[in-house]
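**Q** I'd like to go over a predicted model; first the sequence, then the structure.
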Amino acid sequence: MRIVTASEMYEVDRFTMEEVGLEGKMLMENAGRAIAEGIMKEISKQDEILVLTGPGNNGGDGFVIARTLYLKGYRVRVYSLVPEEKIKGDALYHLNILQNVGVPFHRLQNGELAVRLEGMDVIIDAMLGIGTKGALRSPYAEIVDKANKCEQAMRFAVDIPTGLSSDEGVETEVAFKAHKTFTVQCPKESAFIEANAQYYGELEVVDIGLFTESLVNRPGKKVWLKEDVVRTFPVRERFSHKGSHGRGLIIGGAPNMPGAVMMAARAALRAGAGLVSIAASHHLISTIAPYVPEATYTDLNLKTLDIDSFHAAAVGMGLGRSEQSASLFEDILRLANIPIIIDADGLYHLKKMKNMLKEHTAPVVLTPHFKEAADLLDTTVSALKQNPFSLTRAFSTEYGVYFLLKGPYTIITTTDGDQYVVTTGNESLAKGGSGDVLSGILLGLLLQSHHITEALCNGRFIHGKTAEILTRHTHSRYDLLASDVIEGLPMTLRTICK
Ligand SMILES: NC(=O)C1=CN([C@@H]2O[C@H](COP(=O)(O)OP(=O)(O)OC[C@H]3O[C@@H](n4cnc5c(N)ncnc54)[C@H](OP(=O)(O)O)[C@@H]3O)[C@@H](O)[C@H]2O)[C@@H](O)CC1
Ligand SMILES: [K+]
């Protein structure tokens, strides 16, 4: 499912209207009806409903929503924040129909906030959509503030909550706090910015028949969905053998962190890797081995370890941050000619030698969380949280790496700048060890997949999905351990990736 900026959405609208020939009025009818259908599932006919409308087409959607609800017997009225003469085009067309049908219609009088919001059971925000520029002006800011204070009301936003930008990189002062947002055709970029989650609430995408084909030549931004996992998950052939599913290497294991490589190895095997080897300090091997008997072990000595005899490797989990491990990491990066995942302490060392990435020809996957990513990108966490798409895309294309920016909305960027968002999972994953398990799953899938992007998206998807399944059935969001996710993988794999 495509993610768009405002300008991309306007291009989709233009293409659909001018080149395909669907009229704007009809699209507005489709949008309003689809959103009204969604809202009707959440409200009752006893509810008092207020639709707040603005001057543009977002307001036009609001007129169609109000008419649809009214004709179905709901108690609805419309309150326009602008005088009728400001309403034009398709929105005016639908305003006329609204008034012909007899839906109660009021408008802001002489700048007074005469609208009664208190006591409303449902408030629908169709004030501003993707045409919003800058901070809200009066009277929008005041009305939005009043609506947010109506604690008893269910609040729905049309397309985007009024006050938010569609694009990343814009700070919000005041915006409508929706319990649920019905967004038209494609999620907007801003829906995946952490600070906006409190405004969007739940997000539902409504299909109104727009054509997104006009965007094919732009770098893609998509949400990776279950159907994508089902379509692309590696198939295990009937006559395959362990070698067919890849030989993976996990390098790490500082004496005080034996768990990281252990969990990564178990996760890789549970995700389907054929063979997994752990290269760790020899003191550690006897500690780890009983917990992962399926793995093989080798002393972490680059004179004897042939990295390229493996199909892919993961490095950094529990590697340590000493000078010695820094030079070990540098040697690994110089020597490895296979796809390599760099996580945790590997990312820490990489900061000082990231120019090596430009010379490195084999695929490199970086899996930082926001703090690690901000350090790598020489920026701040808050700047990265505001602009995660553009900043990670710039880094990926400059350094030629795959970049998996870990978070509730994980953004995966390819070396070409295409981006995928994976939203599975919940706060139970905010715990030590989660990253090690994810790296292991990613390695397991990298070994089995033809495409790195698919391996990364599928790996991150099943990691989050497993946490969702476990916290729905057997665990809470407090107690779930990273290793529980490894043991829960079978449930996900049995249901999603048959
Ligand atoms: N085919 C289509 O196009 C379809 C479109 N659809 C729907 O249309 C929506 C986009 O409609 P749109 O382009 O009319 O923009 P929209 O956001 O309604 O309002 C623009 C107005 O806002 C005003 N304004 C801006 N910033 C402001 C601020 N900070 N504070 C206060 N005011 C501000 C600005 O005023 P100005 O600055 O020009 O004075 C301008 O008049 C889209 O989100 C979707 O819901 C669907 O029906 C599907 C088909
Ligand atoms: K809106």
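**A** Cool, got the structure. Numbering: from 1, shown residues only. Ligands and ions are numbered 1, 2, ... in the order given.

**Q** Output the one helix or strand I412 maps to as CSV, restricted to C-alpha atoms.
**A** For I412, the host element (DSSP states H and E) is strand 410-413. Below are the C-alpha coordinates for strand 410-413, written out as CSV (Å, rounded to 0.1, in the frame of the first residue of the first chain):
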residue,chain,number,x,y,z
THR,A,410,9.9,0.6,11.3
ILE,A,411,11.2,2.2,8.1
ILE,A,412,13.2,-0.1,5.8
THR,A,413,15.1,1.8,3.1
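
**Q** what residues does that strand touch?
**A** 192, 224, 388-389, 392-393, 395-396, 402-405, 419-423, 453, 456-457, 460, 464 (C-beta atoms under 8 Å, 6 or more residues apart in numbering). C-beta coordinates here come from the backbone N, C-alpha and C atoms, glycine included.

**Q** quick one: it to chain centroid distance?
**A** Centroid displacement of strand 410-413 relative to its chain, using C-alpha atoms, centre = their mean, to the nearest Å, is 7 Å.

**Q** hang on, the earlier thing: now, which of the contacts of strand 410-413 lie within strands?
**A** Using DSSP state E, the subset of the contacts of strand 410-413 located in strands is Y402, F403, L404, L405, Q419, Y420, V421, V422.

**Q** Pull up the gap between the closest residue to I412 other than its chain neighbours and E202, please.
**A** Spatial nearest neighbour of I412, chain neighbours left out: Y420 (4.6 Å); criterion: C-beta to C-beta, 6 or more residues apart in numbering. Using C-beta to C-beta, to the nearest Å, Y420 is found at 21 Å from E202.

**Q** Can you list the helices and strands that the helix or strand of the chain with the lowest mean pLDDT packs against?
**A** Within the chain, confidence by mean pLDDT, DSSP states H and E is lowest for helix 282-288 among all helices and strands, at a mean of 87. Applying 3 or more C-beta pairs under 8 Å, 6 or more residues apart in numbering; DSSP states H and E, we find helix 282-288 packed against helix 258-270, strand 275-280, strand 296-299.

**Q** Please identify the deepest-packed of the ones you listed.
**A** When you average the neighbours per residue for each of these (mean count of other C-beta atoms under 10 Å), helix 258-270 leads with a mean of 28.

**Q** isn't E23 right up against M17?
**A** Yes. The pair E23 and M17 passes the contact test of C-beta atoms under 8 Å, sitting 6.7 Å apart.

**Q** As a check, name the ranges of all helices in the stretch 301-450 of the chain.
**A** Here the stretch 301-450 of the chain has its helices, by DSSP state H, counting those that start in this stretch, at 323-335, 345-350, 356-359, 370-376, 381-386, 388-399, 434-448.

**Q** nearest to ligand 1, of those?
**A** Nearest to ligand 1, of all the helices of the stretch 301-450 of the chain, is helix 381-386, at 18.1 Å by C-beta to the nearest ligand atom.

**Q** Kindly report the residues of this protein close to ligand 2.
**A** By the rule C-beta under 5 Å from the ion, the part of the chain lying against ligand 2 is D125, A157, V158, T162.

**Q** quick one, what contacts I124?
**A** Contacts of I124 (C-beta under 8 Å, 6+ apart): I39, I49, L50, V51, L52, G62, I65, A66, R155, F156, A157, V158.

**Q** Which PyMOL command selects the buried ones in those?
**A** Buried members of the contacts of I124, defined by 16 or more other C-beta atoms under 10 Å, are picked up in PyMOL with:
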select buried, resi 39+49+50+51+52+62+65+66+155+156+157+158
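
**Q** Arrange the contacts of I124 in JSON lines, one row each, with distance to ligand 1 as further columns.
**A** Formatted as JSON lines, the contacts of I124 follow (distance: C-beta to the nearest ligand atom, whole Å):
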{"residue": "I39", "distance to ligand 1": "14"}
{"residue": "I49", "distance to ligand 1": "18"}
{"residue": "L50", "distance to ligand 1": "18"}
{"residue": "V51", "distance to ligand 1": "13"}
{"residue": "L52", "distance to ligand 1": "12"}
{"residue": "G62", "distance to ligand 1": "9"}
{"residue": "I65", "distance to ligand 1": "10"}
{"residue": "A66", "distance to ligand 1": "14"}
{"residue": "R155", "distance to ligand 1": "16"}
{"residue": "F156", "distance to ligand 1": "13"}
{"residue": "A157", "distance to ligand 1": "10"}
{"residue": "V158", "distance to ligand 1": "6"}
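
**Q** Next step: the contacts of I124 restricted to helices.
**A** Residues from the contacts of I124 lying in helices, with DSSP state H as the criterion: I39, G62, I65, A66.

**Q** Do you know the pLDDT at the second one?
**A** To tie it back to what came earlier, the one meant is G62. We note a pLDDT of 98 for G62 in this prediction.

**Q** can you tell me how far it sits from V205?
**A** Taking C-beta to C-beta, one finds G62 at 18 Å from V205.

**Q** which one of the helices of the stretch 301-450 of the chain is the most hemmed in?
**A** helix 434-448 comes out most buried of the helices of the stretch 301-450 of the chain by mean count of other C-beta under 10 Å, with a mean of 29.

**Q** by contact count, what packs against that one?
**A** In this structure, helix 434-448 packs against strand 247-251, helix 258-270, strand 312-315, strand 340-342, helix 452-473, helix 482-496, with contacts taken as 3+ C-beta pairs under 8 Å, 6+ apart.
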